[in-house]
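Colleague: need a 3D model of the following:
(2 chains)
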Number of protein chains: 2
Amino acid sequence: MGNQENEETILHHQQRRRVEVQAPPTKPFTESLKSSLKETFFPDDPFRQFKNQPLSRKFLLGFQYFIPILEWAPRYTFDFFKADFVSGITIASLAVPQGISYAGLASLPPVIGLYSSFVPPLIYAMLGTSRDLAIGTVAVPSLLISSMLAKEVDPRTNTKLYVELVLTATFFAGVFQASLGLLRLGFIVDFLSHATIVGFMSGAATVVCLQQLKGILGLLHFTHNADLISVVRSVFSQFHLWRWESGVLGCCFLLFLFITRYFSRKRAVFFWINALAPLTSVIFGSLLVYFTHADNHGVEIIGYLKKGLNPQSITELESVFKSTYLLMAIKTGIITGIIALAEGIAVGRSFATYKSYHIDGNKEMIAIGMMNIAGSCTSCYLTTGPFSRTAVNFNAGCKTAVSNIVMATAVMITLLFLTPLFHYTPLVVLSAIIMAAMISIIDYEAAIHLWKVDKFDFIVCISAYLGVVFQSVEAGLMIAVGMSLLRILLFVARPKTYVMGSVSNSMTYRSIEQYPDANSVPGILILQVNAPIYFANASYLRERISRWIDEEEEKLKKSAKYELQYVILDMSGVGNIDTSGISMLEEVQKNADRRCIKLLLANPGGEVMKKLNKSKFVDKIGHEWIYLTVGEAVNACNFMLQSCKPNTKAVVESEAADNQV
Amino acid sequence: MGNQENEETILHHQQRRRVEVQAPPTKPFTESLKSSLKETFFPDDPFRQFKNQPLSRKFLLGFQYFIPILEWAPRYTFDFFKADFVSGITIASLAVPQGISYAGLASLPPVIGLYSSFVPPLIYAMLGTSRDLAIGTVAVPSLLISSMLAKEVDPRTNTKLYVELVLTATFFAGVFQASLGLLRLGFIVDFLSHATIVGFMSGAATVVCLQQLKGILGLLHFTHNADLISVVRSVFSQFHLWRWESGVLGCCFLLFLFITRYFSRKRAVFFWINALAPLTSVIFGSLLVYFTHADNHGVEIIGYLKKGLNPQSITELESVFKSTYLLMAIKTGIITGIIALAEGIAVGRSFATYKSYHIDGNKEMIAIGMMNIAGSCTSCYLTTGPFSRTAVNFNAGCKTAVSNIVMATAVMITLLFLTPLFHYTPLVVLSAIIMAAMISIIDYEAAIHLWKVDKFDFIVCISAYLGVVFQSVEAGLMIAVGMSLLRILLFVARPKTYVMGSVSNSMTYRSIEQYPDANSVPGILILQVNAPIYFANASYLRERISRWIDEEEEKLKKSAKYELQYVILDMSGVGNIDTSGISMLEEVQKNADRRCIKLLLANPGGEVMKKLNKSKFVDKIGHEWIYLTVGEAVNACNFMLQSCKPNTKAVVESEAADNQV
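Modeller: Numbering: from 1, shown residues only, chains lettered A, B, ... in the order given. Below is the predicted model of the structure:
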């Protein structure tokens, strides 16, 4: 007993000198809730710029916040416009054939595909934050729309009702997308990691590339599936239908595009060659077909297009609102809306990463939603940022969303006057443009980098790639996001624990694994936990800590010099703890007590200290056994080891022996 | 330029004295993969006890590992047996009516329900690791079986084929459950947190309690749904059918059980009163009914039961294996198997938490799987550890799985000889026993404790409770597990960052929020990140760090004394980093460079340092700017601030001005 008193005196002596570990001052519950909600939903602190501003300025800033074009338009230069003009015209030349073919996928009249490249891009240019996204219709949601709605209404026999249904579904898709943004759920976008995007983009590029074989080889029928196997099978099963004329033309244009890119990469002054190449190809291809009549020799052309701008379609929406199909339209809208949104945001974010600027997920969702709402009132069906068109836009050197305005204007002019000019544009040129753009997107170097730096990221990347190539775009995205989440869960479920030692005999203690020269302290086991202690790892940590203690005792038993008397848990890396974690610590302490080992804590953080206090664990372990640094904890242990010989363990054991007698 | 040289000299000078931050020695890829797989799937290190043992001992240990009864049976005492005997008899008295009613739910002949309480408990007693789990059939999977299989085969017109199908489904459920365990996926159990379990158990207890109103009030028809609203509606809509005789008897028994519990809680010697009360109630109730003929006055009794043990049923399985129904049986088996497994493990884990011992998730899965495989060959349908029966077992004071053996023996004797004795047992007594057990399980005190210590855990707990009470057991579990996972994701997605200051002017730096007395260092911003830097938080951290810098600069601008020149990132709490995180750091550094602020890192851990090295970030930031401790980094900054006046920022700015001229 005298021994224990002695120990307490020493501790009291120390107590006076050392800084106590504190819990942060308690905040009222509502305040801490408010601040954590703010960090979760408003991490960009959008209200900060409004603070301390006069009302008129606040008004202007508010407008700029919701309509980003007001913010960047004043800084817009003529140089930007030159680039945007070229890229806008280039994607407009893609918009016409893509619009027609995707409208076919959705079982809609071809002209609706063209309408959809007019109104939505204008809306997006005003509201969107991406500089590269080219707005248009997309393959997968187009297919989905027809597969969901054609079950209810036959598009061939009842075209009017079918179109009304599709427009209503587009309206609800827009409402759903915009409300996700308004509810500040844009951070969902953060869950698309760099590795996911590299894999997803390379996979999508591979698939889109393969699909262009249809255009290059002049095939009339082609699979609607986007996976490698279907596409390759579709190409080779139609071997007898390959058109060599089309193929030769396609290869020539492809070669032309590659050579121009090669030159422009060699010397920066040749940049314009690359940027103008697609448009040149379109003009040259059209002229070639016009003069050689190649369209009669296996070279597919766009053909005749109806004139006239988008009619309004609010009455069409109204008629569905009153019909029994409303529920079906809502369901289709939500499902296709979320897939289109995921593609648009993933694509936007991917190109933003390439150019290293940032897009605001919430604003993107609102922009995409608003453009679909506006589109549904002007005879447009579901649009988003398709990968292929955006890649061409990026490759043509676009600078801002003005390229969308240029495209929309070009499509408008086309709808009004120029449809005859595109009559002779060969599809093979458009395929070559897309193919050339795609090949430069397949980023194998990034994958190699991922392998070198982070194996898990590489696996995520490859899964996304294989998922997209062999299954579908959504499957690839799902697999990659799922694996990325699994990684976070695994990090928490199986945290690393390290034994620490003193670095160059200073008061600094670090993991022995990282600093092999660090010296462990005899009789004291110092463990570092490097993750929050949550239910998911509580059992694991209990097992792991007891294994560390077992191993240390075995090691010491061999040397027969010291006994393990103190275990110090370094809590610096423990960001938070929950009630399962606290129970785990209690069990560890009980376990240690049973073995006559004293448990000490070093440097628990604010959140952890708060919870240990509230759960009375601090009282159980004793506040004097919680130290500010590992160094102080070790000093205290050493001090007691030296001054309390014969050591406490022997005393306890002899006491136990006494009791037995 | 002279200034820069000067800075480098100083750094070189320091370099010689300080310990460099190292990356841990690189391990070959296969080795690190092996060790991380081991930590993930074999965290309990089951092979450790086999090491350095003679072959015969290894053999014995292996047997003990796979058949846990061999491990604990030698330590079994007569005192344990007394407790197990009482609880075994008590649960046997429940097994008979429960077996009958659940078999009805599954549209099976009643006797199969009794068979299912004979073979599976014996298997579980040998292989299971829970001491409280009482094996038997369960309500939800029973309902599911009939709803899935009765669509294919009508149980009334084609009973033989239907029974064959159910047995085959049970076989596949067992195979599926056992393989989950063999694949070491037992850690899935860790994702049921303490808070989840408190809420889930209280909710299940509430629902089971309410369902007993059927027995207490002598109702003949009752809802199959388990949610509060259906049950309350079912009770009150049948107001005119309430039997007062049954109700009075039920209340008397309930009162008797509560009084005995009250006494046994008052004084430990009265423990036996409580343990024997249920059995006493059954005997007394049966005698009462026998002598008063209460069964003719509205008191429901169990009634006539067929005699004879389980027939073998391998031939039944064989016939389905050859039939076209095989696929349906496999599907039903997997779905009901996973739900039964979740219930069994959640219940087992819950009671293990109460008694603070640990169950091995993998062994549990194998045990539950094996007992269903064995059961399917002996005319038993799907069994697991039902909540109600386990709660009664626990309340009756069971010590080990021997209570299951006692129950099985009792059921066997019942099947062989005693069915007439249970003829007059009133159902109301069994309802009272279950109800009394359930009420003691509703743990509102634990919920209050959760509210005090951890608000989020409280929300998880309440969600689980409300989900179970208002929806279903599975829904409650799903919601709670989902929310628990969301918490982990939120922890990573929105990590805490703190500004640090020097504690009592020592070399120790801690968060100013936790230690309000800590002094910040003028001109230097020290930030601490407390979570791994992953894709999920990379954008957030970039925003947050630049906000910290903005705020610091604003503050310093007001004082007009110092300029912000150094930002030190304390990486002690950063357990890991991925490629998105590294890109983020690169951007932060670029950003700081643009503002003429120097970025320093303090104490990056082993994993982080390894990846920073591989990605060449260390070269970009400069190895000399990475310090072992925050203190050293601050010293270096201060040293440069003092020796390099006029400060670097002014120099850079004047240089920029020169260039413009």
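
Colleague: give me the nearest residue to residue A:100, chain neighbours excluded.
Modeller: Of all residues not flanking residue A:100 in the chain, residue A:110 sits nearest, at 4.6 Å (CB to CB, 6 or more residues apart in numbering or on different chains). No exception for glycine: its C-beta is placed from N, CA and C like everyone else's.

Colleague: what distance do you get for the one you found to chain B?
Modeller: Separation of residue A:110 from chain B (CB to the nearest CB, to the nearest Å): 40 Å.

Colleague: so that residue makes contact with residue A:103?
Modeller: Yes: using CB atoms under 8 Å, residue A:110 makes contact with residue A:103 at a distance of 5.2 Å.

Colleague: strands along chain A, start to end?
Modeller: Counting by DSSP state E, chain A has strands at residues A:497-502, A:509-511, A:524-529, A:566-570, A:598-602, A:626-627.

Colleague: quick one: closest of those to chain B.
Modeller: strand A:509-511 (6.0 Å; CB to the nearest CB).

Colleague: partner strands of that closest one, parallel or antiparallel?
Modeller: In the sheet, strand A:509-511 lines up against strand A:497-502 (antiparallel) (DSSP bridges).

Colleague: per-residue pLDDT, residue A:378?
Modeller: According to the prediction, residue A:378 has pLDDT 94.

Colleague: quick one: contacts for it?
Modeller: Residues in contact with residue A:378 (CB atoms under 8 Å, 6 or more residues apart in numbering or on different chains) are A:115, A:118, A:119, A:310, A:311, A:312, A:313.

Colleague: so of the residues you listed, which ones are in helices?
Modeller: Applying DSSP state H to the contacts of residue A:378, the entries found in helices are A:115, A:119.

Colleague: may I see the ChimeraX selection of the buried members of the contacts of residue A:378?
Modeller: Only the buried members of the contacts of residue A:378 end up in this ChimeraX selection, burial being decided by 16 or more other CB atoms under 10 Å in any protein chain shown:
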select /A:115,118,119,310,313
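
Colleague: need the contacts of residue A:378 in JSON lines with pLDDT and distance to residue B:609, can you?
Modeller: Shown next, in JSON lines, are the contacts of residue A:378 (pLDDT from 0 to 100; distance: CB to CB, whole Å):
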{"residue": "A:115", "pLDDT": "91", "distance to residue B:609": "56"}
{"residue": "A:118", "pLDDT": "93", "distance to residue B:609": "54"}
{"residue": "A:119", "pLDDT": "94", "distance to residue B:609": "53"}
{"residue": "A:310", "pLDDT": "87", "distance to residue B:609": "58"}
{"residue": "A:311", "pLDDT": "88", "distance to residue B:609": "63"}
{"residue": "A:312", "pLDDT": "88", "distance to residue B:609": "62"}
{"residue": "A:313", "pLDDT": "88", "distance to residue B:609": "60"}
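
Colleague: ok, the residue of the stretch 201-350 of chain A found nearest chain B to residue B:424 distance?
Modeller: With CB to the nearest CB as the measure, residue A:349 is the residue of the stretch 201-350 of chain A nearest to chain B, at 9.6 Å. Applying CB to CB, to the nearest Å, the value for residue A:349 to residue B:424 is 73 Å.

Colleague: which ones are touching the closest residue to residue A:484 other than its chain neighbours?
Modeller: Using CB to CB, 6+ apart and skipping the chain neighbours, the partner closest in space to residue A:484 is residue A:193 (5.1 Å). Contacts of residue A:193 were listed using CB under 8 Å, 6+ apart, and they are A:457, A:460, A:480, A:484, B:534, B:535, B:536, B:578, B:579, B:580.

Colleague: distance check, the fifth one against chain A.
Modeller: Right, residue B:534. Taken as CB to the nearest CB, the span from residue B:534 to chain A is 6 Å.

Colleague: now swap in the last one and tell me
Modeller: Residue B:580 sits 4 Å away from chain A when distances are taken as CB to the nearest CB.

Colleague: go ahead and confirm that residue touches residue A:197.
Modeller: No: look at residue B:580 against residue A:197 with CB under 8 Å: they stay out of range, at 9.1 Å.

Colleague: next one, pLDDT for residue A:639 please.
Modeller: Looking at residue A:639, its pLDDT reads 86.

Colleague: give me the neighbour count for it.
Modeller: Per other CB atoms under 10 Å in any protein chain shown, the neighbour tally for residue A:639 reads 15.

Colleague: hey, which helix is longest across chain A?
Modeller: Longest helix in chain A, counting by DSSP H: helix A:326-355.

Colleague: which other helices and strands does that helix contact?
Modeller: Secondary-structure packing of helix A:326-355 (3 or more CB pairs under 8 Å, 6 or more residues apart in numbering or on different chains; DSSP states H and E): helix A:139-149, helix A:159-182, helix A:194-211, helix A:361-376, helix A:387-395, helix A:473-493.

Colleague: near chain B, anything from stretch A:112-131?
Modeller: No: residues of stretch A:112-131 contacting chain B under CB under 8 Å from any CB of the partner chain: none, with a closest distance of 13.1 Å.

Colleague: what residues are up against the nearest residue to residue A:456 once chain neighbours are set aside?
Modeller: In space, and not counting its chain neighbours, residue A:456 is closest to residue A:487: 5.6 Å by CB to CB, 6+ apart. Residues near residue A:487 by CB under 8 Å, 6+ apart: A:456, A:460, B:534, B:578.

Colleague: quick one: which of those residues is nearest to residue B:20?
Modeller: Closest to residue B:20 out of these is residue B:578 (24.5 Å), distances taken as CB to CB.

Colleague: quick check, the closest one in contact with residue B:533.
Modeller: Yes: the pair residue B:578 / residue B:533 is scored as a contact, 7.4 Å apart, by CB under 8 Å.

Colleague: the more surrounded of these two?
Modeller: Higher neighbour count among residue B:578 and residue B:533: residue B:578, with 28 against 25, using other CB under 10 Å.

Colleague: which residues touch the more buried one?
Modeller: A:193, A:194, A:195, A:454, A:456, A:457, A:487, B:533, B:534, B:535, B:611.

Colleague: JSON lines please, covering these and showing distance to residue A:79.
Modeller: Below are the contacts of residue B:578 laid out as JSON lines (distance: CB to CB, whole Å):
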{"residue": "A:193", "distance to residue A:79": "34"}
{"residue": "A:194", "distance to residue A:79": "30"}
{"residue": "A:195", "distance to residue A:79": "35"}
{"residue": "A:454", "distance to residue A:79": "39"}
{"residue": "A:456", "distance to residue A:79": "42"}
{"residue": "A:457", "distance to residue A:79": "37"}
{"residue": "A:487", "distance to residue A:79": "43"}
{"residue": "B:533", "distance to residue A:79": "37"}
{"residue": "B:534", "distance to residue A:79": "38"}
{"residue": "B:535", "distance to residue A:79": "34"}
{"residue": "B:611", "distance to residue A:79": "39"}
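
Colleague: buried residues in stretch A:521-531?
Modeller: Neighbour count says stretch A:521-531 has A:521, A:523, A:524, A:525, A:526, A:527, A:528, A:529, A:530, A:531 buried, by 16+ other CB under 10 Å.
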